[in-house]
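Curious how this folds, go ahead:
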Amino acid sequence: MFIVDRGKTCLLFAVPVAASLVSHPAAAQVADQASSSVPEVVITAQHLNEERSRIDTDTGASTYKFDSKAIEAQPGGSEVQLNQVMLQIPDAAQDSFGQLHIRGDHNGLQYRLNGVILPDGISVFGQTLPPRMIQSLKLITGSLPAEYGLRSAGIIDISTKSGALQPGGEVSVYGGSHGSIEPSINYGGTTGPNTYFITGDFIRNDLGIESPDGTSTPLHDHTKQFHGFGYFEHIFDEHNRVTFIAGSSDDRFQIPNRRGVTAADIGPGLTVNGVSDFLSNDLDENQRELTHFATLSWQHSQGDLTVQTSLITRFSSLSFSPDPQLGDLLFDGISQRAYKKDVAYGFQSDGAYLLSDTHTLRAGVYAQLDHLTSNTTSAVLPTDDAGLQTSDIPLSIVDDTRNSQTIESAYLQDEWQILPVLTFNYGLRFDHYHAFSSGSQVSPRANLVWKATSTTTVHAGYSRFFSPPPFELVGNESILRFVNTTAAPGVTTGDLVQAERSHYYDIGVQQEISRELTVGVDSYFKQSTDLIDEGQFGAPIILTPFNYADGQVYGVEFTANYSVGHFQSYANFAVQRAIGKNIVAGQFNFSPDDLAWIGDHYIHLDHEQQVTASAGASYEFMGTRISGDLLLGSGLRRDLVLPDGQGIPNGDRLPYYEQINVGVSHDFDRQGVKGLTARFDVINALDKKYEIRDGTGIGVGAPQFGPRRGYFVGVTQAF
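All right, here's what the predicted structure looks like:
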C-alpha cells in the first residue's frame with residue numbers, strides 16, 4: 001500500500017459489461033431486459049453501500065484509507081498477504097509469524113467485513129483474508145467512537161468487492177524465488193437482482209515461516225495454503241438487501257530448523273531411550289491451521305434510518321505435530337502434540353438515525369458464544385525434587401480442556417454538529433464477558449473535530465477501553481500435572497488472565513499544504529490496568545496471554561502524502577514507547593528471576609519498536625507503472641545481559657533494519673492484448689539481512705529473520 005488517504009474515500013463505479021450475442025429473438029429480448037436491469041442493480045448496490053457507511057463513524061479517530069487500486073500499485077500488488085499491506089500504515093511494526101503491532105499493542109486488532117465483526121480466531125501465522133477480495137480498506141485507530149469495542153489497537157474495516165460494482169473476472173499466476181507459486185482466480189457478476197463475487201488461490205513456497213538463520217533457503221520451511229472467499233447479494237428493492245459472505249482457509253506449515261545445532265550443545269542434557277543427542281537439521285515439526293467463517297446480513301435503509309443486522313459464525317483450529325522421533329524431547333524436555341479448536345457464533349445489529357440536521361444517533365448490540373476445545377498429549381521424562389532425570393523412558397501426560405465464552409456488548413452515541421466547523425461525537429459503551437475469567441465495564445467515549453481553516457483539521461478524543469483476554473488460555477490445573485518432570489515450570493502458580501482496562505487520549509492535526517501535498521501529526525497516550533500481552537511458551541506455535549498490572553503506551557506519528565498527475569507518494573514516521581510492570585497473571589510461564597525483576601521495574605514490552613518508518617511512490621505512464629516502497633524499524637526488543645551477568649528482560653533492542661521493495665507492471669491493453677497485465681517485483685532489493693527476533697525476550701521462541709532478496713513474476717488475464 002502506498003497511498004494513505006486520511007481525509008478522502010475513494011469510490012469506484014463499475015461499468016456494466018455488454019450482453020453476450022444470442023441468435024434466438026426471444027432469447028435476445030430476455031438478454032436485452034437483463035442488460036437494461038444491470039445499471040439499476042449497480043446504482044442500487046452503490047446507494048445501499050453509501051447508506052451502510054452512515055452506520056460506521058470514525059469521527060475523531062485516526063483513520064487511514066486505501067482502495068484496491070492502491071493495493072495493486074505497490075510491489076507485489078494483491079498477491080501479497082494482508083499483514084504486508086498493513087505494514088505501510090504509520091506505527092505498524094512487523095513481528096514473527098505474520099503478526100502485526102499497531103501503536104505498541106499486541107494483536108489488539110478487530111477485523112470487520114462490510115461492518116460485520118469477525119470473531120477472534122486462534123490462527124497464528126495463517127492469513128485468512130486475501131487482498132484481492134478488498135474493494136477498500138480503512139484502519140481506524142486512536143480514540144475510537146463508542147461503536148467500536150473489545151479490541152482497542154485498531155479496527156480493520158474491509159469493504160469487499162461485489163459482482164455489481166466489479167463485474168468480470170481474472171486469472172493470474174504469480175511466483176518466483178523461494179520456490180513460490182500462487183495461481184488465483186476471481187469472478188463477479190449480476191443475474192437479475194442477485195450479484196456475486198468469488199475468489200480463490202493456492203500458495204506454495206519454501207519460506208512459509210520466517211527463516212531462523214537468515215538464509216534464503218531455510219531448512220524444512222515448506223507451506224501449502226488454500227484460500228477461498230465469496231460474496232453473494234440479493235437486492236429486494238432500493239431499501240432492502242440480504243448479503244451472504246463466506247470464507248475458508250487451509251494452511252499447512254513446516255516449522256523451520258536451525259542448521260548444525262545439537263541437543264548435546266544447547267539442550268537440557270537429557271537421555272531418552274538411551275539416546276542423548278539429536279541434530280537440529282533432522283527435526284520434523286508441522287502445524288496446520290483451518291479457518292472457516294460466514295455472515296448473513298440484512299440491511300434496511302429508508303429515509304433517515306439505516307439498520308444492518310447480521311448472524312455470524314467462525315470455526316478455527318490449530319494442530320501442532322512434534323518431531324515423531326526424540327528431537328523435541330531432547331532439545332526442550334517436552335514433546336507436545338497440541339490441538340485447539342474454537343467455534344464462535346455471533347449476532348450483531350447496528351443502526352444510524354438522522355435525528356435532526358445537527359444530530360445523528362447510532363446504536364447497536366453484539367453477542368457472541370464460543371466453544372473451545374484444547375487437547376494436548378505431552379511426552380516428558382520423570383525427575384526428582386532436585387530436577388534430576390530419574391528415568392530415560394518418557395511419560396505421557398494428557399490434558400484435555402473444554403470451556404465456553406460469552407460476550408455481550410451495547411452502545412449508544414450521538415454525532416452532534418455544534419457548528420459547521422465543529423463536530424462532537426460522544427457516547428457510552430457496555431461490554432461484558434464470561435470465560436476462564438469474567439468482567440464488565442461501562443466505557444465513555446468523546447471525540448471533537450474542528451475544521452480550523454479550509455485546509456486545517458484538528459481532532460482530539462478520550463476513550464475508555466475494555467478488552468477481554470484472548471480465549472486460548474492455559475489453566476493452572478494443566479501446569480500442576482508437570483511437577484517432577486522435565487517440563488516442570490520454575491513457578492507452579494498463576495492467576496487467571498483478566499480483561500485489560502485503559503484510558504486512551506489522542507490529539508492530532510492534518511494540514512493541506514497544497515492540492516498535491518497533505519501532512520499530519522498525531523499523538524496518543526494509553527494508561528492500562530491489567531495490560532494484556534502474549535508470548536510463545538513452548539515448541540507449539542501457540543500464543544498464550546498474560547497480564548502486566550500496569551502499562552503505558554504512548555507515541556507520535558507524522559504522515560505526508562503527495563500526489564500530482566500520474567505520480568503518487570507517501571511517507572510515515574512514528575516514535576513510540578510501550579512499557580509494563582508486575583506480571584499478575586500466567587506467572588507459571590516465567591522464571592522466578594524475571595518475575596522478581598518485572599515486579600519492581602517497568603520493562604519495555606517485547607513488541608515495542610521505538611522508531612518505525614515507511615515510504616513509497618509510484619508512477620504510471622502509457623500503461624507501465626513503476627513503484628517502490630521502504631520499511632524501516634529500530635528493531636523489536638531482546639534481553640540485555642549486564643557485565644555482572646544479571647539479565648534484564650526486554651532490556652535491549654535488535655539493530656535497525658530497512659527493507660526496500662520495487663516493482664514494475666504493464667497493462668497490455670494499449671498494445672491490443674485485451675485484459676493482459678504482467679508484473680515483476682523484487683522484494684528486499686538490497687538483500688538486507690535483518691533479525692525480527694533473536695530468540696530472547698519475554699515470550700519469544702526461536703530466532704526469526706526478515707525475507708532475503710526475492711524475484712517474482714506475475715501474469716494476469718482479465719475476462
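
residue ranges of the helices in the stretch 501-650 of the chain, please?
In the stretch 501-650 of the chain, the helices defined using DSSP state H, counting those that start in this stretch lie at 592-600.

low pLDDT regions in it?
Across the stretch 501-650 of the chain, the ranges flagged by pLDDT under 70 are 538-540.

redo that, cut-off 80
For the stretch 501-650 of the chain, the stretches with pLDDT under 80 are 537-543.

what do you get for the chain?
Along the chain, segments meeting pLDDT under 80 span 1-39, 107, 121-127, 472-479, 537-543, 670-674, 701.

longest strand anywhere in it?
Under DSSP state E, the strand in the chain containing the largest number of residues is strand 395-419.

which parts of that one are buried?
Using 16 or more other Cβ atoms under 10 Å as the test for burial, strand 395-419 gives 397, 399, 401, 405, 407-411, 413-416. Using the backbone N, CA and C atoms, a C-beta is placed for each residue, glycine as well.

Each with direction, which strands does it pair with?
The pairing partners recorded for strand 395-419 under DSSP bridges are strand 359-380 (antiparallel), strand 422-434 (antiparallel).

Redo the ones you listed as CSV? Include distance to T291.
Putting the strands paired with strand 395-419 into CSV (distance: least, Cβ to Cβ, whole Å) gives the following:
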stretch, distance to T291
strand 359-380, 14
strand 422-434, 22
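
what would the ones you listed look like in a markdown table with distance to A578 and mean neighbour count?
Formatted as a markdown table, these follow (distance: least, Cβ to Cβ, whole Å; neighbours: other Cβ atoms under 10 Å):
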| stretch | distance to A578 | mean neighbour count |
| --- | --- | --- |
| strand 359-380 | 28 | 19 |
| strand 422-434 | 23 | 19 |
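
Quick check: which of those is nearest to Q135?
Among the strands paired with strand 395-419, the nearest to Q135 by Cβ to Cβ is strand 359-380 (23.0 Å).

now that closest one, how far from the chain's geometric center?
Taking the mean of its C-alpha atoms, strand 359-380 sits 16 Å from the chain's own mean (Cα atoms, centre = their mean, to the nearest Å).

Just the C-alphas of that strand, formatted as CSV.
Output of strand 359-380 as CSV, limited to C-alpha atoms (Å, rounded to 0.1, in the frame of the first residue of the first chain):
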residue,chain,number,x,y,z
HIS,A,359,-27.7,15.2,15.4
THR,A,360,-27.1,11.6,14.1
LEU,A,361,-27.8,8.8,16.6
ARG,A,362,-26.1,5.5,16.4
ALA,A,363,-26.8,2.4,18.5
GLY,A,364,-26.0,-1.3,18.4
VAL,A,365,-25.7,-4.6,20.2
TYR,A,366,-23.4,-7.5,19.8
ALA,A,367,-23.4,-11.0,21.3
GLN,A,368,-21.0,-13.9,20.9
LEU,A,369,-20.8,-17.5,22.1
ASP,A,370,-17.6,-19.6,21.8
HIS,A,371,-16.9,-23.2,22.5
LEU,A,372,-13.3,-24.1,23.0
THR,A,373,-11.6,-27.4,22.7
SER,A,374,-7.9,-27.8,23.8
ASN,A,375,-6.3,-31.2,23.7
THR,A,376,-2.6,-31.8,24.4
THR,A,377,-0.6,-35.0,24.8
SER,A,378,2.9,-34.4,26.1
ALA,A,379,5.9,-36.8,26.3
VAL,A,380,8.2,-35.8,29.3
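
what's the spacing between the nearest residue to L381 once chain neighbours are set aside and I541?
Leaving aside its chain neighbours, L381 sits nearest to T486 (4.5 Å; criterion: Cβ to Cβ, 6 or more residues apart in numbering). Noted for T486: a distance of 21 Å to I541, by Cβ to Cβ, to the nearest Å.

hmm, back to that, now tabulate the buried residues of strand 395-419 in CSV and tack on distance to F293.
Output for the buried residues of strand 395-419, formatted as CSV (distance: Cβ to Cβ, whole Å):
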residue, distance to F293
I397, 33
D399, 28
T401, 23
Q405, 17
I407, 16
E408, 21
S409, 19
A410, 23
Y411, 23
Q413, 27
D414, 32
E415, 30
W416, 36
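
from these, which single one is nearest H434?
Q405 (6.9 Å).

Would you check that that closest one makes contact with F471?
Yes - contact criterion Cβ atoms under 8 Å: Q405 and F471 qualify, at 5.2 Å.

For the spatially closest residue to A263 that is not a sequence neighbour, give its distance to G645.
Once flanking residues are discounted, A263 sits nearest to L330: 3.8 Å by Cβ to Cβ, 6+ apart. Noted for L330: a distance of 27 Å to G645, by Cβ to Cβ.

Please identify which of the two sits among more neighbours.
More crowded of L330 and G645, by other Cβ atoms under 10 Å: L330, with 25 against 6.
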